[in-house]
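A.B. asks: from the sequence below, what's the structure:
(chains A and B)
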Amino acid sequence: MLEQSILTLELPYRDPMDVRAFSFGIDASGKALGRGGDPSGLERALCVVAGVRGDEILQTLVCALLVEQLERMERAKGLTRGKLIRVIPCANPASMGIGRRFWPLDKTDVNRMFPGTSDGETTQRIAAGLFANVRDFRYGVHLSSFYLEGDFIPHVRVMHGPGERGNHGSDFCLPYVTHYDPGSLDTTTLHYNWRAHGTEAYTLFTRKTTVADERIARDAVQSLLRFMCARGLTRRPYHGGYRSLDLAERSLVPVHVPVGGVCCPVVRVGDVVERGQLLATVRDLLSGRVTARVTAPCDGVVFYHARMPLVNEQTLAFQIVPDDAGEDRGSPAHEGRS
Amino acid sequence: MRRDVSVRELPTGEHMRIVKHRYMPIGLSEAEVSYLPRACVVTGVHGDELEGQYVIYELVRRLLAQPQNLAGVVDVYPAVNPMGMGAIERGIPQFDLDMDRIFPGNHGASPFEAMAADLVEDVRGAQVAFDLHSSDIYLRELPQIRINEESAERLLPLARLANVDYVWVHESAVVLKGTFAYSMNSLDVPTLVVEAGVGMRITPEVGEQLAIGILSVLAHVGVWTGPLPLVRSPQVSTDGAVRYLHAEAAGMFVPRVTFGKEVKEGQVIGHILDCGSATVLQELRSPVCGLLFTLREYPLVYPGNLIARVLGGASC
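C.D. replies: Numbering: from 1, shown residues only, chains lettered A, B, ... in the order given. Modelled structure (predicted):
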């Protein structure tokens, strides 16, 4: 394992921000990078990035556990010779260090700044510095989070559009692979810019974001190892997982609450529900009176569940994978966002 | 006449509303004015930008003072991000996305995206629209209009009438397709984006200047027939004429120039200081002779923060 500082930035009244990358590989002579192997001749095979936003704690934990696992594998010569794997567990330590999702000063989102510019604003410079270190890999995986708070069934998002070279998202063996067309807002994400520069990119969504749940994190590590195995980056097989269902994001059925109030869900992500089944009740915050019963509009599986006790009228409370999903991978009706 | 354009209930029973104030010729009904030209003035997309509040105050004050000169309809939307305005936050509280990146909105998505769609529907059909922004809290801007080059041919004649100091015709960027102005221009409503002043503050002279500018455009589209003072002739430029100065150090920025005036090439714009050690970390000098139309207002800077923009080409 080779640990490097890939990006530093002076911060006022704080220590400089230091973004660390961990690289793994076995060179042509069979020497591991951690034991003096030469990284220069390795093919840039896989880059895994997390913590672009400061509250993506679970995503960072996934990468940290992956670093631990890859270090063991490299030592045991369990990695395929000639392939470079790079992991960046926390791309935005300045925000994570103070518990902020976005940039501490101007609240900008680094995942809306790619590919960045080295002479631009602070977060544009961070994006440019990161991108210089993560581009030109054959595969790229970004562990990211949704723009609305909530829990998901673990899944992989794959973008239609530039650089599309077939879909292999099912190699993660997660329950779902969702497909979407990028909207204007998506053009500044890491995923989009990886794709625009020739990397086969995936965004991996874990069940949660702001928690350090080692069991969920280890499941995600296993999915990454399955992907690496399918791509010939490891020398031993990794079994298990799901037979993924590919579906267009537009086929997810949104369930909105009709009134504002306290939302009390009675189902969780992954539950199989029937049309008309109660998903949640909404109560008046002050009187406790039930003001709405939110029911499933179709038979299916709960894919997303908003994690907000108080909801506004029209809050997206659930997304359902309908039973007939998977027949269409086309353009979504509206943008999904990472 | 005040009405709700879009309403969604909050968990506490309060309602989140986009409100519109309508001003129309005396003695005419809603049905009768539907055939008249209409102008829309939108502000508060970003909840920490308050300069637009004083612009609409000055505009409406003038409309009410001479109602006989109103020949069409003026719709004023003071706070299209009402929750952000109330919390003095740029974005929408509880929502990660910038409201000016979610247009034309979506009735099938979150309440905020649905409200954006309601606004677009309401403004649709107008002869002209203004989207009034301040700068953010970090920069001070001379009153200016920014035009996407795709819309320049149509918007530039209107912008020249708007009593601003500067019109910036900028390159098209895909990410800007989510803005209110881009959406409305796509729907054939000529929409001018105004930037002026600084975030979280009101600069009265800016409000007066822009209110006169809006009246001038309203007169052009047949909504206003009242007397107008002479409007100023703006400098017009494309991206190439604008030079940027960025911080390369982290510290406290202190300006050494007067904002909004011409600066000479090499003139000191300001210093970035490490105050505890009384050290000048960076001296920023103007790269060209020109108009200093943007200047850092917020003292704390990180490397990369924009300090100033200078419109080159002046003969100084």
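
A.B. asks: can you give me the strands in the stretch 151-300 of chain A?
C.D. replies: A:155-159, A:176-180, A:200-205, A:245-248, A:253-256, A:261-265, A:272-273, A:278-283, A:290-295, A:300-306 (DSSP state E, counting those that start in this stretch).

A.B. asks: assess the claim that A:Met159 and A:Trp194 are in contact.
C.D. replies: No: judged on CB atoms under 8 Å, A:Met159 makes no contact with A:Trp194 at a distance of 9.4 Å. Yep, even glycine has a C-beta here, placed from its N, CA and C like the rest.

A.B. asks: residues that sit against both of these two, list them.
C.D. replies: With contacts defined as CB atoms under 8 Å, 6 or more residues apart in numbering or on different chains, the residues shared by A:Met159 and A:Trp194 are A:Ala201.

A.B. asks: of the two, which one has the most company?
C.D. replies: With neighbours defined as other CB atoms under 10 Å in any protein chain shown, A:Met159 and A:Trp194 compare such that A:Trp194 has more, 30 against 24.

A.B. asks: how far away is the closest residue to the more buried one other than its chain neighbours from chain B?
C.D. replies: What sits nearest to A:Trp194 in space, not counting adjacent residues and going by CB to CB, 6 or more residues apart in numbering or on different chains, is A:Ala201, at 3.8 Å. Distance, A:Ala201 to chain B, by CB to the nearest CB, to the nearest Å: 18 Å.

A.B. asks: before we move on, what about A:Ala94?
C.D. replies: For A:Ala94, the distance to chain B (CB to the nearest CB) stands at 9 Å.

A.B. asks: domains of chain A?
C.D. replies: As given by automatic domain parsing, the domain ranges for chain A are A:2-243, A:250-322.

A.B. asks: how far off centre is the shortest one?
C.D. replies: Same thing as domain A:250-322. Here domain A:250-322 shows a centroid-to-chain-centroid distance of 24 Å under the convention CA atoms, centre = their mean, to the nearest Å.

A.B. asks: ok, and does it reach over to chain B?
C.D. replies: Yes: for domain A:250-322, a contact with chain B is found by CB under 8 Å from any CB of the partner chain, at A:254, A:259-262, A:284-286, A:308, A:310-316.

A.B. asks: any idea which of those is closest to B:Lys261?
C.D. replies: When those are compared for distance to B:Lys261 (CB to CB), A:Asn312 wins out at 46.8 Å.

A.B. asks: what residues does stretch A:4-15 touch?
C.D. replies: A:16-23, A:88, A:94, A:122, A:125-126, A:129-130, A:133, B:249-252, B:300-303.

A.B. asks: of these, buried ones?
C.D. replies: Among the contacts of stretch A:4-15, the ones that count as buried by 16 or more other CB atoms under 10 Å in any protein chain shown are A:17, A:19-23, A:88, A:94, A:122, A:125-126, A:129-130, A:133, B:249-251, B:301-303.

A.B. asks: what's the neighbour count on the residue nearest to A:Trp194?
C.D. replies: 24.

A.B. asks: and if you look at A:Leu65?
C.D. replies: Each residue near A:Leu65 was counted by other CB under 10 Å, and the total is 18.

A.B. asks: that one is in contact with A:Arg215, isn't it?
C.D. replies: No: the pair A:Leu65 and A:Arg215 does not pass the contact test of CB under 8 Å, sitting 10.9 Å apart.

A.B. asks: okay, now the domains of chain B?
C.D. replies: For chain B, the structural domains run B:2-233, B:240-312, going by automatic domain parsing.

A.B. asks: just the buried positions in the helix ranked longest in chain B, please.
C.D. replies: If you go by DSSP state H, chain B has its longest helix at helix B:204-220. Buried residues in helix B:204-220, counted by 16+ other CB under 10 Å: B:206-220.

A.B. asks: who's in contact with A:Ala220?
C.D. replies: A:Leu58, A:Val62, A:Leu143, A:Pro154, A:Leu204, A:Thr206.

A.B. asks: hmm, back to that, now render the domains of chain B as CSV, adding mean pLDDT.
C.D. replies: Shown next, in CSV, are the domains of chain B (pLDDT from 0 to 100):
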stretch, mean pLDDT
domain B:2-233, 95
domain B:240-312, 96
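
A.B. asks: would you mind finding the most buried of those?
C.D. replies: Among those, ranked by average contacts under mean count of other CB atoms under 10 Å in any protein chain shown, first place goes to domain B:2-233 (a mean of 20).

A.B. asks: can you classify the residue most central in space within chain B by secondary structure?
C.D. replies: The centroid of chain B falls nearest to B:His133 when counting by CA atoms, centre = their mean (2.4 Å). With DSSP: H, G, I helix; E, B strand; the rest coil as the basis, B:His133 sits in strand.

A.B. asks: other SSEs contacting the host helix or strand of B:Arg62?
C.D. replies: In the assignment (DSSP states H and E), B:Arg62 maps to helix B:51-65. The contact analysis (3 or more CB pairs under 8 Å, 6 or more residues apart in numbering or on different chains; DSSP states H and E) places helix B:51-65 against strand B:15-23, strand B:38-43, strand B:73-77, strand B:128-134, strand B:191-197, helix B:204-220.

A.B. asks: neighbouring contacts of the fourth one?
C.D. replies: What that stands for is strand B:128-134. B:39-43, B:45-46, B:48-52, B:55-56, B:123, B:141, B:158, B:179-181, B:184, B:189-201, B:210, B:214, B:217-218, B:221.

A.B. asks: now the angle from whatever helix or strand B:Ala116 lives in to strand B:128-134?
C.D. replies: Element membership for B:Ala116 (DSSP H and E) is helix B:111-123. Between the axis of helix B:111-123 and that of strand B:128-134 there is an angle of 140 degrees, by axes from the mean of the first three to the mean of the last three CA atoms, to 10 degrees.

A.B. asks: the stretch 151-300 of chain B: strands as residue ranges?
C.D. replies: Per DSSP E, counting those that start in this stretch, the stretch 151-300 of chain B carries strands over the ranges B:166-170, B:191-197, B:235-238, B:242-246, B:251-255, B:262-263, B:268-274, B:279-285, B:290-296, B:300-301.

A.B. asks: dump the ones you listed into a markdown table; add distance to chain A as well.
C.D. replies: Shown next, in a markdown table, are the strands of the stretch 151-300 of chain B (distance: least, CB to the nearest CB, whole Å):
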| stretch | distance to chain A |
| --- | --- |
| strand B:166-170 | 15 |
| strand B:191-197 | 16 |
| strand B:235-238 | 19 |
| strand B:242-246 | 7 |
| strand B:251-255 | 6 |
| strand B:262-263 | 20 |
| strand B:268-274 | 9 |
| strand B:279-285 | 9 |
| strand B:290-296 | 12 |
| strand B:300-301 | 6 |
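
A.B. asks: out of those, flag the one nearest A:Ala230.
C.D. replies: Nearest of those (CB to CB): strand B:242-246, 43.9 Å.

A.B. asks: list the helices and strands that closest one packs on?
C.D. replies: strand B:306-312.

A.B. asks: may I have the strand it packs on exported as CSV, CA atoms only?
C.D. replies: Extracted as CSV, the C-alpha positions of strand B:306-312 are listed here (Å, rounded to 0.1, in the frame of the first residue of the first chain):
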residue,chain,number,x,y,z
LEU,B,306,-12.8,35.4,-5.9
ILE,B,307,-11.4,38.8,-4.8
ALA,B,308,-12.3,41.1,-7.7
ARG,B,309,-13.3,41.3,-11.4
VAL,B,310,-12.1,44.0,-13.6
LEU,B,311,-13.7,44.8,-17.0
GLY,B,312,-10.7,45.6,-19.1
